[in-house]
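*Asks:* Got a sequence here, can you build the structure:
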Amino acid sequence: MSLFNVFSISGSGMSAQSVRLNTTASNIANADSVSSSVGETYRARHPVFAAEMQKAAGGQNESVGVEVLGIVESNKPLNVEYAPDHPMADGEGYIYKPNVNVIEEMTNMISASRSYQTNVQLADSAKNMLNKTLTLGQR
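*Replies:* Modelled structure (predicted):
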């Protein structure tokens, strides 16, 4: 594997972790929202990743990075609360809150941030190795 492929791999990793950070931030921002119906209530979202194995399986000597397949909504049950005095309460007095667990989301954010940082360090190390390679013949 060429050192140039490292940039492609770490770049795809940074892109994937950026999507993960944005999705997590959206979940945290909507964690305290309230709705009067199940259909209008925000649901936690999570990105789905896959390694780009098609390139590797084809026998080509190409980089194998990370691909974002999409973003899915969580199927965990919503938080239903009986609050008949709330202005958003439905006809039976219930309000609906998102199925976002803020502690889980903060853990996700820390993990994504560290993964992003690791990919940046990997790209920086590859850059330094390439620079050293270029200076080998000098003197």
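*Asks:* dump the residue contacts of Glu105.
*Replies:* 24, 27-28, 31, 44 (CB atoms under 8 Å, 6 or more residues apart in numbering). C-beta: built from backbone N, CA, C; applies to glycine.
*Asks:* The same query, at a cut-off of 10 Å, please.
*Replies:* Neighbour list for Glu105: 23-29, 31, 44, 46 [criterion: CB atoms under 10 Å, 6 or more residues apart in numbering].
*Asks:* Name only those of those that count as buried.
*Replies:* 23-24, 26-28, 31, 44, 46 (16 or more other CB atoms under 10 Å).
*Asks:* Greatest separation within those residues: which pair is it?
*Replies:* Ala31 and His46 (14.2 Å; CB to CB).
*Asks:* Please identify which helix or strand holds Arg114.
*Replies:* If you go by DSSP states H and E, Arg114 is part of helix 102-134.
*Asks:* Next, the residues that contact whichever strand or helix holds Ile95 from outside, please.
*Replies:* Element membership of Ile95, judged by DSSP H and E, is strand 94-97. Residues from elsewhere that reach strand 94-97 (CB under 10 Å, 6+ apart): 30-42, 78-84, 86-90.
*Asks:* Next step: those restricted to helices.
*Replies:* Of the contacts of strand 94-97, none are assigned to helices by DSSP state H.
*Asks:* among the residues you listed, which are in strands?
*Replies:* 79-82 (DSSP state E).
*Asks:* From the residues you listed, pick the one nearest Ser115.
*Replies:* Once CB to CB is applied, the member of these that ends up nearest Ser115 is Asn79, at 29.0 Å.
*Asks:* how about that closest one, what does it touch?
*Replies:* Counted by CB under 10 Å, 6+ apart, Asn79 has contacts 34, 41, 95-101.
*Asks:* and if we set it to 6 Å?
*Replies:* Contacts for Asn79 (CB atoms under 6 Å, 6 or more residues apart in numbering) come out as Lys97.
*Asks:* go on, Leu3?
*Replies:* Counted by CB under 6 Å, 6+ apart, Leu3 has contacts 126, 129-130.
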